[in-house]
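*Asks:* Return a 3D structure for these sequence lines:
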Amino acid sequence: MAQPSIHEGQSLPVIQQQRVIIRNKYGEKLVGVLHETGSAELVILCHGYRCSKENKTFKNLAAALEEEGISVFRFDFAGNGESEGSFQYGNYRREAEDLHAVVLHFSEAKRLISAILGHSKGGNVVLLYASTYSDVHTVINASGRFNLERGNESHLGTDFLQRIRIDGIIDVKDDTVTSFIRTQFSLVYSTNWIFSPVVAMQPLRQINGPSLSGSILFSDFFKILKLGIINFLRANAAS
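*Replies:* Now for the predicted structure:
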């Protein structure tokens, strides 16, 4: 199987950024940006909770991968950024389906998806994707949540389950006074799903960075993240 074209000392590729629109299985338009280096291999970036493809860390990471001759596609999940659809708090399986639509689009265009990389919530989405589908063999989880039962109360309130059971929906307002609606069905998928043993059997490389406030965004140690990912891809390409 072809691997990413990662060679130290190679000349820098000419980068072209292309806006790409892909429809998911529900007919919603997913908007993304393709960083085209001319390589057949492609790494897909998946953003986190209430984020988008325009996240500074993602844009910097795309630039770093470009320098290695790797083409990159970053996109907005449905209900986020420029993509169509309604924002939902959990929605992991729907986002995995969005990712599948993206993978199918580029696979049909004869591109090799060499890796999927998810940050924060996106890290959980790529793991769920790998446990559901078998078409991408390199998965990178950057700061995905390890316990999905934690954190819901801070976003939804301590009585969120009771309110959803009574009303069927929940209206939540954040610091920017933006409201969104949750259903009990999507809550089940945010707190209660199990990855396939296939994922657990894969080699694991863990990168530890400084314990800093806001470090999930990697703003204070982006270089560690960048080198860790590039070295991981190089190791996979050599294996």
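*Asks:* What are the buried residues along the helix or strand harbouring residue 129?
*Replies:* Per DSSP states H and E, residue 129 falls inside helix 121-132. By neighbour count on 16 or more other CB atoms under 10 Å, the buried set for helix 121-132 is 121, 122, 123, 124, 125, 126, 127, 128, 129, 130, 131, 132. All C-beta atoms are positioned from the backbone trio N, CA, C, and that covers glycine.
*Asks:* And for stretch 55-68?
*Replies:* Residues of stretch 55-68 classed as buried: 55, 57, 58, 59, 61, 62, 64, 65, 66, 68 (neighbour count, 16+ other CB under 10 Å).
*Asks:* cool, and stretch 78-94?
*Replies:* Across stretch 78-94, burial judged by 16+ other CB under 10 Å covers 78-85, 88-94.
*Asks:* show me where the protein has strands.
*Replies:* Ranges of strands in the chain, per DSSP state E, are 16-23, 29-36, 41-46, 71-75, 112-119, 139-142, 169-173, 179-183.
*Asks:* Rebuild the ones you listed as a markdown table, extending it with mean pLDDT and distance to residue 232.
*Replies:* A markdown table is the format used below for these (pLDDT from 0 to 100; distance: least, CB to CB, whole Å):
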| stretch | mean pLDDT | distance to residue 232 |
| --- | --- | --- |
| strand 16-23 | 94 | 24 |
| strand 29-36 | 97 | 19 |
| strand 41-46 | 95 | 11 |
| strand 71-75 | 97 | 15 |
| strand 112-119 | 92 | 8 |
| strand 139-142 | 87 | 7 |
| strand 169-173 | 64 | 36 |
| strand 179-183 | 48 | 35 |
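*Asks:* got any ranges where the protein has weak pLDDT?
*Replies:* Within the chain, the segments meeting pLDDT under 70 span 1-15, 146-156, 169-221, 238-239.
*Asks:* Quickly list the domain ranges of it.
*Replies:* Taking automatic domain parsing as the reference, the chain has its domains at 16-147+193-238, 149-191.
*Asks:* among those, which is the most enclosed?
*Replies:* domain 16-147+193-238 (a mean of 18; mean count of other CB atoms under 10 Å).
*Asks:* still on that earlier bit, which of the buried residues of stretch 55-68 sits closest to residue 162?
*Replies:* Comparing the buried residues of stretch 55-68 against residue 162 with CB to CB places residue 55 closest, at 34.2 Å.
*Asks:* how close does the residue nearest to that closest one when sequence neighbours are not counted get to residue 159?
*Replies:* Of all residues not flanking residue 55 in the chain, residue 47 sits nearest, at 5.7 Å (CB to CB, 6 or more residues apart in numbering). Note on residue 47: its distance to residue 159, by CB to CB, to the nearest Å, is 30 Å.
*Asks:* Can you list the residue ranges for helices in the chain?
*Replies:* Assigned by DSSP state H, the helices in the chain fall at 56-67, 92-108, 121-132, 152-156, 160-167, 184-191, 197-200, 222-238.
*Asks:* picking that back up, output the buried residues of stretch 55-68 as a markdown table; include the columns distance to residue 113.
*Replies:* Below are the buried residues of stretch 55-68 laid out as a markdown table (distance: CB to CB, whole Å):
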| residue | distance to residue 113 |
| --- | --- |
| 55 | 21 |
| 57 | 21 |
| 58 | 17 |
| 59 | 20 |
| 61 | 17 |
| 62 | 15 |
| 64 | 19 |
| 65 | 14 |
| 66 | 17 |
| 68 | 16 |
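*Asks:* What is the nearest of those to residue 165?
*Replies:* residue 55 (34.5 Å).
*Asks:* And that closest one, its phi and psi?
*Replies:* phi -50, psi 130 (degrees, to the nearest 10).
*Asks:* Just confirm it contacts residue 33, I think it does.
*Replies:* No. Residue 55 lies out of contact with residue 33 (CB atoms under 8 Å); the separation is 11.8 Å.
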